[in-house]
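Chemist: Could you look at this predicted model? Sequence included:
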Amino acid sequence: MNKLSPAEKDFFKYIDTFYVRSVSAGFHLWKKEKATKNLFRECTNNFKKFNILDVGCGWGSGIPKLCNELSDEAFLVESDISGQFLYTASRRSYFKGYQNVHFVRQNIQNGLAFRNESFDIIVASAVLEHLMEPIPVIKDLTRVLRMGGYLIVHLPSPGNIFGRLIRLVDRYISGGRLRWFALEDTPPESTLEEVFKEHGALGHVSELSYSEWLRLFGENGLKAIRLERGSGLVGEHPAIDRLYPLFALVLLLEPLLEYMPYKYLFCRDFLLLLKKER
Ligand SMILES: C[S@@+](CC[C@H](N)C(=O)[O-])C[C@H]1O[C@@H](n2cnc3c(N)ncnc32)[C@H](O)[C@@H]1O
């Protein structure tokens with residue numbers, strides 16, 4: 001591996017503080033990492049050595065860090081459709097000194113280049129909703145997951161209470177202005193947009209409801225065993241950063257929302273831990 005240039009080092013430091021520039025984004029990332037860690041702890045308790053696949057890893061999500069923290073015997077494969085993202089992820093991994101991380105470029109929509117039952121844990125974080133056809137990919141992920149292994153998915157929660165409230169107010173009171181004020185959609189990061197253009201990959205084209213995802217996973221022998229809220233009630237957005245009172249209210253409500261039934265209704269996105277049972 002070539003030595004890191006000062007510019008590369010600066011870039012990786014920038015990535016690490018990327019989300020700190022916005023309080024709502026920082027909070028969103030912190031919650032997502034905490035939830036992922038909880039699910040990871042739950043499944044890594046069952047293995048001493050483990051093989052992990054992280055599909056659609058982007059420019060290096062928190063998974064290599066988690067694997068290194070949890071065990072020095074974890075073998076991790078980071079994969080993405082984008083060579084640009086994979087290159088950044090591999091250099092970043094080198095910068096951080098992570099061990100046993102391997103990088104594979106592939107379009108998961110065309111089938112996974114791994115043998116049956118190769119992995120103990122598979123992570124698909126913020127990926128399935130970007131696929132035109134998630135069903136064959138879920139089938140293939142299940143194929144390469146070993147019996148009793150775990151799939152961790154991170155998905156948007158389109159039916160969340162906050163989104164419904166905005167739609168209701170817009171429909172009867174504000175005439176679409178609230179939604180326009182951007183409480184609905186976070187603009188894509190520019191690099192992600194470039195990758196999507198380059199590969200003909202897409203935005204959230206398969207934003208299914210919680211129950212639809214559960215049905216798809218269930219039909220493929222994956223049983224949901226734990227649900228975590230992946231973000232706060234309103235997610236991340238510059239508009240939220242400007243509305244300090246709203247953001248403060250959200251922070252105050254957060255601990256209560258963790259105890260609500262149907263948790264997926266009280267967050268912009270959620271994480272599910274699924275176990276392969278057949
Ligand atoms: C929203 S990013 C998520 C990145 C990372 N997993 C995370 O949680 O921060 C979606 C990633 O999925 C990748 N992706 C999109 N379509 C893909 C496909 N068909 N095959 C493999 N990767 C894909 C994109 O290149 C991008 O890195």
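Modeler: Yes, it's here.

Chemist: and the stretch 101-250 of the chain, which residues reach the ligand?
Modeler: Selection of the stretch 101-250 of the chain residues close to the ligand by Cβ under 6 Å from any ligand atom yields 107, 108, 109, 125, 126, 127, 130, 131, 195, 201. For every residue, glycine as well, the C-beta is placed using N, CA and C.

Chemist: The fourth one touches residue 156, doesn't it?
Modeler: No - proximity of residue 125 to residue 156 does not meet the contact threshold set by Cβ atoms under 8 Å, at 11.6 Å.

Chemist: who's the residue of the stretch 101-250 of the chain found nearest the ligand bridged to?
Modeler: Across the stretch 101-250 of the chain, the shortest distance to the ligand (Cβ to the nearest ligand atom) belongs to residue 125, at 3.4 Å. Per DSSP bridges, the residues bridged to residue 125 are residue 154.

Chemist: ok so residue 248 is a strand residue?
Modeler: No - using DSSP: H, G, I helix; E, B strand; the rest coil, the assignment for residue 248 is helix, not a strand.

Chemist: So which residues of this protein form strands?
Modeler: 50-55, 74-80, 101-105, 119-125, 145-156, 222-229, 269-276 (DSSP state E).

Chemist: Give the buried residues for stretch 3-22.
Modeler: 8, 11, 12, 19, 22 (16 or more other Cβ atoms under 10 Å).

Chemist: Among the residues you listed, find me the one that's closest to the ligand.
Modeler: residue 19 (10.6 Å).

Chemist: which intervals of the stretch 151-278 of the chain have sub-threshold pLDDT?
Modeler: Within the stretch 151-278 of the chain, the segments meeting pLDDT under 70 span 179-202.

Chemist: To clarify, my last question referred to the stretch 1-150 of the chain.
Modeler: Along the stretch 1-150 of the chain, segments meeting pLDDT under 70 span 1, 15, 17-21.

Chemist: Do you have the helices of it handy? List them.
Modeler: Ranges of helices in the stretch 1-150 of the chain, per DSSP state H, counting those that start in this stretch, are 6-17, 23-44, 63-70, 83-96, 134-144.

Chemist: Just tell me which of the ones you listed ends up closest to residue 165.
Modeler: Proximity to residue 165 (Cβ to Cβ) singles out helix 23-44 among the helices of the stretch 1-150 of the chain, at 17.3 Å.

Chemist: how many neighbours does residue 61 have?
Modeler: Neighbourhood size, residue 61 [other Cβ atoms under 10 Å]: 20.

Chemist: Now do the same contact list for residue 65.
Modeler: Residue 65 is in contact with 96, 98, counting by Cβ atoms under 8 Å, 6 or more residues apart in numbering.

Chemist: What distance do you get for it to residue 92?
Modeler: Residue 65 sits at a distance of 10 Å from residue 92 (criterion: Cβ to Cβ, to the nearest Å).

Chemist: Great, nothing more from me.
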